[in-house]
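Student: Turn this into a model:
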Amino acid sequence: MVTAIVLITGSKPVTAKGFLNFNCYPCSSSINDDLKDGAQITVVDSTGDVIGSGTVKLVVIDDPSLSILSLYNRTFTFEITGIEGGHDRYGFHAGGPDRETMWVEADKMSEEIQLKIG
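Tutor: Residues are numbered from 1 along each chain as shown. Down below sits the predicted model:
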């Protein structure tokens, strides 16, 4: 008789889905070119190691009465799958190296995430 013991380590991968709101007046300025449609968003653990990545998608405002908002603000959506699970918190970073990392507690990762820069 053979007994096999299987040890499973690690945690189930998680998915992050939500919005990134970027207060960028003036949005057309070259200093804000690092956050645009298709820009990379990375997820890091508390030590700064990258544990997931994806891209952001610009939300286009079709209502002409709201077009003034695009001068002051950009909103992006994102969905990142396969993020390494098992962490207490997750850091999200989008844009250039001088942009801040936004932290989300593990228990909020199953909800729609709202991130804000600026």
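
Student: Spell out the residue ranges of the helices in this structure.
Tutor: Counting by DSSP state H, the chain has these helices, from start to end: 69-72.

Student: Just name the shakiest helix or strand of it by mean pLDDT.
Tutor: When each helix and strand of the chain is scored by mean pLDDT, DSSP states H and E, helix 69-72 comes last, with a mean of 65.

Student: My understanding was that Gln114 contacts Phe19; is that so?
Tutor: Yes - counting by C-beta atoms under 8 Å, Gln114 touches Phe19, with 5.6 Å between them. In this view, the C-beta of every residue, glycine as well, is placed from N, C-alpha and C.

Student: The two: which is more packed in?
Tutor: Between Gln114 and Phe19, counted using other C-beta atoms under 10 Å, Phe19 has the larger neighbour count: 15 against 12.

Student: Can you name the residues that contact that one?
Tutor: 59, 75-78, 112-115 (C-beta atoms under 8 Å, 6 or more residues apart in numbering).

Student: where does the chain dip in pLDDT?
Tutor: 1-10, 61-71 (pLDDT under 70).

Student: if we go to 80?
Tutor: The model of the chain has pLDDT under 80 over residues 1-10, 24-32, 60-72, 118.

Student: ranges for the strands of it?
Tutor: 14-23, 40-44, 50-58, 73-83, 89-94, 102-105, 113-117 (DSSP state E).

Student: Out of those strands, which is the most enclosed?
Tutor: Of the strands of the chain, the one with the most neighbours on average (mean count of other C-beta atoms under 10 Å) is strand 89-94, at a mean of 21.

Student: Mind giving me the packing neighbours of that strand?
Tutor: For strand 89-94, the elements it packs on are strand 14-23, strand 40-44, strand 102-105, strand 113-117, judged by 3 or more C-beta pairs under 8 Å, 6 or more residues apart in numbering; DSSP states H and E.
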